[in-house]
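Novice: no sequence on hand, only this structure:
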């Protein structure tokens, strides 16, 4: 089972499992048609806050693994939607854990957390680094981990801490996709030849999302329950460098414009 299967990483995980011939049930929000056809994948509309629906779905499938990819994923928006971020990431995970414990106790649960559970650092961090989230999103992910692996959690839980990941189908609310979308619209003549940007000095460890989801599967198959695993390259790239690469590929000339609305209240310089 993959929760959040219609999302960015969840969608790529579904693709990966399908390519490996693994029978998969992909959960999406109830209502409407399945997001897209994927070979060997059965889509199912399940509301994570509907405990009866979650229990019934798990009891029927009896999954070997539950990949929990659903959740609020935007760091910047967590400042203005803190309550919703905590509700989705923490309470949603709590309800899922309770359902697994009740009707599918043998299932392995992979919780997709985040590198933003760590405190700020001027150098690379490993899994022993201090846990001191600097934003509401990171706080919600740390609480999510504790719900799954702490007292009252699920004994067969695994924790993935991905750093930033990028790739096809990412929402334009994330920086790399935002740059790419703006350039595409400029090339199509839909907008003036200006890219509006926020903080370009921030440095992030960037991984292709297709590598990130392969790591999810490997952790669920070979990992140690309760032990967190960083998913990263070990190298930080400046946002400015990402922009420069994309601009260099543009077929038209573009101008970069600083946009105060795109700056976060507390943007960590290095992750």
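Specialist: In hand now; what should we look at? Every value quoted in this text rests on a predicted model; they were computed, and no experiment measured them. Numbers count the residues shown, from 1 in each chain.
Novice: what's the first helix or strand after the one helix or strand residue 92 maps to?
Specialist: Assigned by DSSP states H and E, residue 92 belongs to helix 92-103. Taking DSSP H and E as the definition, the helix or strand that follows helix 92-103 towards the C-terminus is strand 108-112.
Novice: ok now that following strand, how far from the chain's centre?
Specialist: 13 Å (Cα atoms, centre = their mean, to the nearest Å).
Novice: what strands line up against it, and which way round?
Specialist: strand 65-68 (parallel), strand 157-162 (parallel) (DSSP bridges).
Novice: report the secondary structure element holding residue 124.
Specialist: With DSSP H and E as the criterion, residue 124 is inside neither a helix nor a strand.
Novice: now for the closest residue to it other than its chain neighbours, how many residues are close by?
Specialist: With Cβ to Cβ, 6 or more residues apart in numbering as the measure, residue 234 is the residue that lies nearest to residue 124, at 6.1 Å, once sequence neighbours are left out. In this view, the C-beta of every residue, glycine as well, is placed from N, C-alpha and C. The tally of other residues near residue 234 (other Cβ atoms under 10 Å) stands at 8.
Novice: tell me the SS of residue 56?
Specialist: For residue 56, the assignment made with DSSP: H, G, I helix; E, B strand; the rest coil gives helix.
Novice: where does the prediction get shaky in the stretch 1-150 of the chain?
Specialist: Across the stretch 1-150 of the chain, no stretch falls below the confidence threshold (pLDDT under 70).
Novice: thinking again about what came up before, what's the angle between the helix holding residue 92 and strand 157-162?
Specialist: The directions of helix 92-103 and strand 157-162 differ by 150 degrees, with axes from the mean of the first three to the mean of the last three Cα atoms, to 10 degrees as the criterion.
Novice: give me the helices and strands touching helix 92-103, please.
Specialist: Packing contacts for helix 92-103, counted by 3 or more Cβ pairs under 8 Å, 6 or more residues apart in numbering; DSSP states H and E, involve helix 51-61, strand 65-68, strand 108-112, helix 136-149.
Novice: buried set for the last one?
Specialist: Along helix 136-149, the positions that meet the burial threshold by neighbour count (16 or more other Cβ atoms under 10 Å) are 136-145, 147-149.
Novice: just the first one next, same as before
Specialist: Residues 53, 54, 55, 57, 58, 61 are the ones in helix 51-61 that count as buried (16+ other Cβ under 10 Å).
Novice: run the chain-centre distance for the helix holding residue 92.
Specialist: Computed by Cα atoms, centre = their mean, the chain-centroid distance of helix 92-103 equals 20 Å.
Novice: now it against helix 51-61, angle please.
Specialist: Using the same axes, to 10 degrees, helix 92-103 lies at 50 degrees relative to helix 51-61.
Novice: in helix 92-103, what counts as buried?
Specialist: For helix 92-103, the neighbour count (16+ other Cβ under 10 Å) marks 92, 93, 94, 95, 96, 97, 98, 99, 100, 101, 103 as buried.
Novice: any idea how far residue 85 is from the nearest residue in space to residue 48 that is not next to it in sequence?
Specialist: Setting aside the residues directly before and after it, residue 48 is nearest to residue 92 in space (Cβ to Cβ, 6+ apart), at 4.5 Å. Residue 92 sits 11 Å away from residue 85, going by Cβ to Cβ, to the nearest Å.
Novice: circling back to that earlier point, quickly compare the strands paired with strand 108-112 and say which is most buried.
Specialist: Greatest average neighbour count among the strands paired with strand 108-112 goes to strand 65-68 (a mean of 26), per mean count of other Cβ atoms under 10 Å.
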